[in-house]
Structures are given as structure tokens and as C-alpha cells.
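> Pasting the sequence and the predicted coordinates here, then a few questions.
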Amino acid sequence: PEEEGPGTPCDTNPPERPLVIFCTKCNAIFGDTASFVCTHAEMKTITIKAAQMVVVDHDKPNTSHKGVTSGSTFYDARCESCGLCVGKVFHTTTRNLDLLRDAFTFDSKAIRRWVRIPSFTCLFFSRLWVASETRCDWISATS
């Protein structure tokens with residue numbers, strides 16, 4: 001199913017096989033599609049609910065004034081290892097981007113090719129970051 005609204009919709013169809021998301025600069029692993037939310041073709045992004053090795057700049061909100069994200073407020077998300085800006089965590093969105101809110105939206109140019117892994121190893125992280133409205137918290141991947 002796809003989210004309705006103006007512009008290109010978010011595609012909520014998960015990849016056929018689990019994928020791992022890496023930093024293009026330092027190969028830090030951010031997460032996998034066990035917490036998949038959606039992809040967005042026009043934005044060239046993949047969004048997941050939980051991530052690790054990501055620092056969110058909550059002190060520096062940005063508001064987009066053009067394109068499909070116009071009117072949305074977001075925080076930059078940076079690789080904890082190398083500092084590369086790898087995506088955004090949206091705080092407010094237009095209705096057609098509601099799925100992106102409070103999740104990690106990674107820019108396809110900032111992440112390494114999504115590497116396929118066998119289904120049984122999909123959830124191999126012991127701790128994951130989960131975006132919340134005010135901060136990122138550690139949660140156990142087994143809970």
C-alpha cells in the first residue's frame with residue numbers, strides 16, 4: 001500500500017529481502033530493514049524506525065521551503081563515526097509525508113548500497129536507536 005496525498009507517495013512495500021544500511025564514507029552500520037517504514041522515489045530516500053551510530057542535531061531544526069518536503073521541519077542526522085550528514089529526522093511534515101515523522105530518513109547518496117543479508121540474520125543488533133519527539137533513546141532489539 002502507498003500513502004495518499006499530493007506529490008510522489010511514500011512506498012510502504014518492504015524490500016523482498018532484508019537489507020543493511022551503511023555510511024558511504026566510513027561504512028558504519030546504521031540499521032536494517034527490520035524496522036522498515038518506507039522509501040520515497042522523488043526524495044531518493046529510505047526510512048527506518050530504528051537506527052544506531054546516528055547523531056541527531058535536535059538543537060538545530062530546519063524548515064524546508066521547496067520541493068516535496070516544503071513546509072516540513074526536520075533535524076539533520078549525522079554519522080556518529082565520521083560526521084557525514086546521512087539524512088533527516090522529520091519533526092513535522094505535510095500530510096503526504098506523515099510516515100517520515102520521528103523516523104530516520106536516509107539519503108541514498110549518503111548511504112552505501114543496501115547489502116542483502118539472509119532473513120535469519122536480519123535482526124543482529126543488540127541495541128538500536130529509536131527516534132522520539134525530543135531525543136533518541138536506546139532500546140533493546142530483542143524486546
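Sure thing, it's come through.
> just for the protein, where's the confidence low?
Low-confidence segments of the chain (pLDDT under 70): 1-8, 113-143.
> and residue 102, how far is that from residue 70?
Note on residue 102: its distance to residue 70, by Cβ to Cβ, to the nearest Å, is 19 Å. To be clear about C-beta, it is placed using only N, CA and C from the backbone, and glycine gets the same treatment.
> Residue 112 too?
29 Å.
> Mind checking which of those two has more residues around it?
Using other Cβ atoms under 10 Å as the criterion, residue 112 and residue 70 rank with residue 112 on top: 17 against 11.
> what about the more buried one, distance to residue 35?
18 Å.
> Kindly report the same for residue 72.
Distance of residue 72 to residue 35, computed by Cβ to Cβ: 21 Å.
> likewise residue 87?
14 Å.
> These two - which one has more neighbours?
Higher neighbour count among residue 87 and residue 35: residue 87, with 31 against 18, using other Cβ under 10 Å.
> wait, the more buried one sits on residue 77?
Yes: the pair residue 87 / residue 77 is scored as a contact, 4.6 Å apart, by Cβ atoms under 8 Å.
> joint contacts of those two?
104, 105, 106 (Cβ atoms under 8 Å, 6 or more residues apart in numbering).
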